[in-house]
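# sequence first, predicted model second:
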Amino acid sequence: MEQQEKSGKKKRRVVIALGGNALGKSLPEQIQAVKITSKAIVDLIEEGCEVVVTHGNGPQVGMINNAMAALSRENPAQPNTPLSVCVAMSQAYIGYDLQNALREELLNRGITNISVATIITQSRVDADDPAFDDPTKPIGHFMTKEQAAFAEKNYGYIMKEDAGRGYRRVVASPMPREIIEIGAIRALVEAGQLVVACGGGGIPVMRNGNHLKGASAVIDKDFGSELIAENLEADYLIILTAVEKVAINYRKPNEEWLDELTPEEARRYIAEGQFAPGSMLPKVEAAIRFAESAPGRTALITLLEKARDSVLGKTGTQIHT
Ligand SMILES: Nc1ncnc2c1ncn2[C@@H]1O[C@H](COP(=O)(O)OP(=O)(O)O)[C@@H](O)[C@H]1O
Ligand SMILES: NC(=O)OP(=O)(O)O
């Protein structure tokens, strides 16, 4: 049962992946940020799109994990909380804020036939994914060199310097292979409802017969969002971040902002090292995967406020075959 616009035209299906700036860095910031984020999302609904919202959780999952670790240090009877459970917690509280902000924005615009639901989403990963031996995903807040050394020594964290901005804890980030709750997500989307799903790329789980066992990892949300977009046969994967377009020679005197990229061109730029690992690189890689997954699919990378303009072809970097 596909949603039809009043004109009879088939609705465009969009998976919109929210970056860090769409959520803010703290609980009070998040409440404010999601109000602006919701406007951009409801703009797309008014444009005639069926929307599924995904989001990152790097700062949030680190904060939750730190808080839970502090609790268990204070009370040894309280075992430490696995990272997979921390991802679940981050999905729930981010979803809670997004759900309420989206509901309010829909009602403010007189849209009363769409309800919003967050699906706690698990992503299956492979137990032998090489990423488990090479932690790369930054989580939590930035630290000074001294704080990082303390965390390494006392908490056993692996810390890495992040592009001159300070130190952050890094954890394993395996590739998502399957979205466990895809059936429920699809049913809601096809019923015309607004779904928040696959937060933080999904809770990483490994299959053991019928049992799903949480993995100590944080999936990259760009790859989780790509997989869900492919599974839902979306027309667009929109990756929202803090830049309007992807650049080559980023922050150099010969910087060039790109309107369009084919997967071949994007691969060439990746080989030249044009996109920073852990930031723009996974976005471009996810965009290539989506664009190549079926004919007619377009990935867009742009600013939150430009989401509507990007589906109208007015801005952003489009990646398509
Ligand atoms: N080639 C590039 N073109 C544009 N932005 C780039 C490039 N390389 C690195 N970046 C940086 O990557 C950032 C996006 O990554 P990040 O902040 O990790 O994303 P998120 O919005 O998902 O939290 C941009 O804001 C920009 O500062
Ligand atoms: N899980 C994830 O990719 O989160 P960020 O986008 O916040 O890094």
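Great, that's in hand. Ligands and ions are numbered 1, 2, ... in the order given.
# is the helix or strand where Val14 lies in proximity to ligand 1?
Assigned by DSSP states H and E, Val14 belongs to strand 12-18. No - using CB under 6 Å from any ligand atom, strand 12-18 stays clear of ligand 1, with a minimum separation of 7.5 Å. Yep, even glycine has a C-beta here, placed from its N, CA and C like the rest.
# and the next helix or strand past that strand?
Following strand 12-18 toward the C-terminus (DSSP H and E): helix 27-46.
# quick check: Asn80 touching Ala70?
No - assessed by CB atoms under 8 Å, Asn80 is found out of contact with Ala70, at 10.1 Å.
# show me which residues of the stretch 51-200 of the chain are close to ligand 2?
Proximity of the stretch 51-200 of the chain to ligand 2, by CB under 6 Å from any ligand atom, involves residues Gly56, Asn57, Gly58, Gly200.
# and the second one, how close does it get to Gly209?
The reference is to Asn57. Distance, Asn57 to Gly209, using CB to CB, to the nearest Å: 28 Å.
# which of the residues of the stretch 51-200 of the chain next to ligand 2 fall in helices?
Gly58 (DSSP state H).
# among the residues of the stretch 51-200 of the chain next to ligand 2, which pair sits farthest apart?
Greatest spacing in those, by CB to CB: Gly58 and Gly200 (7.6 Å).
# shared neighbours, these two?
Shared contacts of Gly58 and Gly200 (CB atoms under 8 Å, 6 or more residues apart in numbering): Val218.
# all strands for the stretch 101-250 of the chain, in order.
Taking DSSP state E, counting those that start in this stretch as the criterion, the stretch 101-250 of the chain carries its strands at 116-119, 122-124, 137-143, 159-161, 167-171, 178-179, 194-197, 203-208, 211-214, 236-241, 246-248.
# mind giving me CSV with these and columns for mean pLDDT, distance to ligand 1 and mean neighbour count?
Shown next, in CSV, are the strands of the stretch 101-250 of the chain (pLDDT from 0 to 100; distance: least, CB to the nearest ligand atom, whole Å; neighbours: other CB atoms under 10 Å):
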stretch, mean pLDDT, distance to ligand 1, mean neighbour count
strand 116-119, 98, 19, 19
strand 122-124, 98, 17, 23
strand 137-143, 94, 8, 20
strand 159-161, 94, 14, 15
strand 167-171, 96, 11, 22
strand 178-179, 98, 19, 19
strand 194-197, 98, 16, 26
strand 203-208, 97, 18, 21
strand 211-214, 98, 23, 13
strand 236-241, 97, 3, 27
strand 246-248, 97, 4, 21
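# where does the stretch 1-150 of the chain dip in pLDDT?
Applying pLDDT under 70 to the stretch 1-150 of the chain picks out residues 1-9.
# give me the residue from it nearest ligand 1.
Proximity to ligand 1, evaluated over the stretch 1-150 of the chain using CB to the nearest ligand atom, is greatest for Gly19 at 2.1 Å.
# other residues contacting the strand holding Val14?
Here strand 12-18 makes contact (CB under 8 Å, 6+ apart) with 37, 41, 44, 48-56, 189, 221-222, 225, 228-229, 232-240, 304, 307, 311.
# with respect to Gly166, which of the residues of the stretch 51-200 of the chain next to ligand 2 is nearest?
Gly166 lies nearest to Gly58 out of those, by CB to CB, at 13.8 Å.
# what sits against that closest one?
Gly20, Lys137, Pro138, Ile139, Gly140, Gly200, Val218.
# the fourth one touches Val171, doesn't it?
Going back to what we said before, that points to Ile139. Yes - counting by CB under 8 Å, Ile139 touches Val171, with 5.8 Å between them.
# overlap in contacts of these two?
Common contacts of Ile139 and Val171 (CB under 8 Å, 6+ apart): Val218.
# quick check: residues of the chain near ligand 1?
Near ligand 1, the residues belonging to the chain are 19-21, 56, 241-243, 246-247, 250, 274-276, 279-280 when assessed by CB under 6 Å from any ligand atom.
# for the strands of the stretch 101-250 of the chain, give me JSON lines that also has distance to Gln91.
Shown next, in JSON lines, are these (distance: least, CB to CB, whole Å):
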{"stretch": "strand 116-119", "distance to Gln91": "7"}
{"stretch": "strand 122-124", "distance to Gln91": "10"}
{"stretch": "strand 137-143", "distance to Gln91": "14"}
{"stretch": "strand 159-161", "distance to Gln91": "25"}
{"stretch": "strand 167-171", "distance to Gln91": "16"}
{"stretch": "strand 178-179", "distance to Gln91": "13"}
{"stretch": "strand 194-197", "distance to Gln91": "8"}
{"stretch": "strand 203-208", "distance to Gln91": "7"}
{"stretch": "strand 211-214", "distance to Gln91": "13"}
{"stretch": "strand 236-241", "distance to Gln91": "18"}
{"stretch": "strand 246-248", "distance to Gln91": "27"}
